[in-house]
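Undergrad: sharing a model that was predicted from the sequence below.
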Amino acid sequence: MAAVILLMPVKLLGKAMCHIAAALFGAVGFVLCLVGAISSKVGSFLGGLTLLSVIIALIFESSITLVLTFAGIAVAEILCPLIILAISGGMYAFRNMLLDLSEDIELF
């Protein structure tokens, strides 16, 4: 009985820390999701324009390093928002895992 009473503050602290960390990861995930959603529209537009510049550079027979640089920039502009959205999904998954862990802590 005494061990249960002594462990009660530790369990409460653990449960509280899980909820605080879950709230933190949820907030960071929300901000990343918002940034990824906004930048995906802008990034796909700019990536398309950069791909057009790659085609124009190929038509006018520019140097291959310029063409490869533009192509790399276009791929980065299109894929970076998708990577940000994937990271925000991972944040939400980690948040849910922390909340499940907090649910498993029994206080009695």
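TA: Received it, and whenever you're ready, just let me know what you need. Predicted model only: the values in this text are computed from it and were never measured. Numbers count the residues shown, from 1 in each chain.
Undergrad: for the lowest-mean-pLDDT helix or strand in the chain, what is the distance to the chain centroid?
TA: Lowest mean confidence among the helices and strands of the chain (mean pLDDT, DSSP states H and E): helix 2-59, at a mean of 88. Counting by C-alpha atoms, centre = their mean, to the nearest Å, helix 2-59 is centred 4 Å from the centre of its parent chain.
Undergrad: got it, and stretch 88-106?
TA: Taking C-alpha atoms, centre = their mean, the mean C-alpha location of stretch 88-106 is offset from the chain mean by 16 Å.
Undergrad: quick one: contacts of it?
TA: With contacts defined as C-beta atoms under 8 Å, 6 or more residues apart in numbering, stretch 88-106 is touched by 11, 14-15, 18-19, 21-22, 25-26, 28-30, 32-33, 36. No exception for glycine: its C-beta is placed from N, CA and C like everyone else's.
Undergrad: of these, buried ones?
TA: Lys15, Cys18, Ala21, Ala22, Phe25, Gly26, Val28, Gly29, Leu32, Cys33, Gly36 (16 or more other C-beta atoms under 10 Å).
Undergrad: farthest pair in the residues you listed?
TA: Lys15 and Gly36 (31.1 Å; C-beta to C-beta).
Undergrad: dump the residue contacts of Leu66.
TA: Ala57 are the contacts of Leu66 under C-beta under 8 Å, 6+ apart.
Undergrad: please report how far it lies from Ser39.
TA: Applying C-beta to C-beta, to the nearest Å, the value for Leu66 to Ser39 is 25 Å.
Undergrad: report all helices and strands that the least confident helix or strand of the chain contacts.
TA: helix 64-104 (3 or more C-beta pairs under 8 Å, 6 or more residues apart in numbering; DSSP states H and E).
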